[in-house]
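Enquirer: model this:
(4 chains)
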Number of protein chains: 2
Amino acid sequence: MQEINLKEHFKSFPAKQVKKGEILLRAGDFTNSAFFVEEGCLRAYIINSNGKEYIYQFAPENWIVSDEEAVLEKKEAIFYIDAIEDSVIKVLNSGDLRSPDMNVDAANKHISGLQRKLNSFRKRIILLLSATAEERYETFIKTYPNLAQRVPLKMIASYIGITPESLSRVRKELVAKK
Amino acid sequence: MQEINLKEHFKSFPAKQVKKGEILLRAGDFTNSAFFVEEGCLRAYIINSNGKEYIYQFAPENWIVSDEEAVLEKKEAIFYIDAIEDSVIKVLNSGDLRSPDMNVDAANKHISGLQRKLNSFRKRIILLLSATAEERYETFIKTYPNLAQRVPLKMIASYIGITPESLSRVRKELVAKK
DNA sequence: CCTGTGAATTGATGTATGGTAAGAAAGAAA
DNA sequence: TTTCTTTCTTACCATACATCAATTCACAGG
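Expert: Residues are numbered from 1 along each chain as shown, chains lettered A, B, ... in the order given. Now for the predicted structure:
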């Protein structure tokens, strides 16, 4: 999830309204698009062979979400992307994000963005390797307090790698502790 | 883990010999260095509050390993880095990796490197979210067949987020299946 | 206001993986 | 070689989390 304000940068792009539940990308599709979220919230997730969903990323206002590997390497998408709230988005094509005649300044911004993303991935990997369900949940609400208010619990559970039932019990425990 | 051949690029740097077990970075240190591995293998890992180790990265020949966030943001390191084989490395400082007067071509190479890393992190996150111990192990040996030969099983276990005992049982199962 | 649908909770039970401890095997050292 | 150390395996038991099923709760739509 990136922090730079991009709204200004994409202001000339046509806005697209999407309804809650609308699917923007399906696993198996070929895609050249990324989605910048101006209002609302999207999510990217996989569905594994048992039909279970695992959320890879939430994308609230000012975030960009896409199946980057599919776009960059022209592969089939592995992610589904849909809207979890009524949203206003801008559809970007790969060229909009990184042009071949990019200058050093733009490249450095891009590098910083990638490094920020890498940092957040690193933290998530360490968390998934080493933390209990309770620790994962507490880290999530500390890291994304806004999201924690907005998204259904079952999606938070999916993002942190536990079941909704377990998350419900973890929350009960936490309340009991205070 | 990057794929570009960097040996040529760092050939003018002085080589440093490190013995198996030698620690190059400790959590809590401030650091400005990254390590390019010419021969041998390093590893980066965290030690959590219970004293358990979790391996974040292996770095065999031609890889660069560092606590990137500590270097870039001048924070205390969270990782330990040590040698798991007798190794020959080059010690790089942050300026060696990314100079302020970088040209567009160098920047693009850097971007590609970051994207490759992002792709591998993405895969690891999905694996940690959704795969069983057995699936994680099989994915590891498929993805890093060389490493699987070289590093002790208990380190593979640590990397994929299970205990050495569980990995031993998983391997037994896999043998029985054939 | 009702009613339907998905979300959240709860209880009972199952299971994959962890923890502990002991011994076997494999490497390093001497 | 022999010894010492570390890794790996195995058995037994413990536990965190998952699964299944039944309510309850919270709204969105009519």
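Enquirer: CA atoms for contacts and neighbours, from now on please.
Expert: Fine.
Enquirer: for chain A, which residues are neighbours of DNA strand D?
Expert: Neighbours of DNA strand D within chain A, by CA under 7 Å from any atom of the strand: A:131, A:132, A:133, A:134, A:161, A:162, A:163, A:165, A:166, A:167.
Enquirer: let's see it at 10 Å
Expert: Within chain A, the residues that sit near DNA strand D (CA under 10 Å from any atom of the strand) are A:20, A:50, A:52, A:130-136, A:157-158, A:160-170.
Enquirer: list buried residues within those residues.
Expert: Among the residues of chain A next to DNA strand D, those classed as buried by 16 or more other CA atoms under 10 Å in any protein chain shown are A:130, A:133-134, A:136, A:157-158, A:160-164, A:167, A:170.
Enquirer: which SS class is the residue nearest in space to the middle of chain A?
Expert: For chain A, the residue whose C-alpha lies nearest the mean C-alpha position (CA atoms, centre = their mean) is residue A:57; its distance is 2.6 Å. Three-state assignment for residue A:57 (DSSP: H, G, I helix; E, B strand; the rest coil): strand.
Enquirer: residue B:108 versus that one, what's the distance?
Expert: 26 Å (CA to CA, to the nearest Å).
Enquirer: go on, residue A:136?
Expert: 35 Å.
Enquirer: how about the lowest-mean-pLDDT helix or strand in chain A, does it reach chain B?
Expert: Least confident helix or strand, chain A: helix A:94-97 with a mean of 80, by mean pLDDT, DSSP states H and E. No - using CA under 8 Å from any CA of the partner chain, we find that helix A:94-97 stays clear of chain B, coming within 12.5 Å at best.
Enquirer: just want the angle from the helix or strand that comes right after that helix to helix B:104-130.
Expert: Next in sequence after helix A:94-97, counting helices and strands by DSSP states H and E, comes helix A:104-130. Angle of helix A:104-130 versus helix B:104-130, following axes from the mean of the first three to the mean of the last three CA atoms, to 10 degrees, is 20 degrees.
Enquirer: can you pull the buried residues of helix A:104-130?
Expert: A:104, A:107-108, A:110-111, A:113-119, A:121-122, A:124-130.
Enquirer: which residues touch the closest residue to residue A:111 other than its chain neighbours?
Expert: Leaving aside its chain neighbours, residue A:111 sits nearest to residue B:111 (6.1 Å; criterion: CA to CA, 6 or more residues apart in numbering or on different chains). By CA atoms under 8 Å, 6 or more residues apart in numbering or on different chains, the contact set of residue B:111 is A:107, A:110, A:111, A:114.
Enquirer: where does the prediction get shaky in chain A?
Expert: For chain A, the stretches with pLDDT under 70 are A:1-4, A:98-101, A:178.
Enquirer: do a quick rundown of the helices in it.
Expert: A:68-73, A:94-97, A:104-130, A:133-143, A:145-150, A:153-160, A:164-176 (DSSP state H).
Enquirer: would you turn these into a markdown table with distance to residue B:141?
Expert: Output for those, formatted as a markdown table (distance: least, CA to CA, whole Å):
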| stretch | distance to residue B:141 |
| --- | --- |
| helix A:68-73 | 22 |
| helix A:94-97 | 33 |
| helix A:104-130 | 18 |
| helix A:133-143 | 28 |
| helix A:145-150 | 36 |
| helix A:153-160 | 25 |
| helix A:164-176 | 31 |
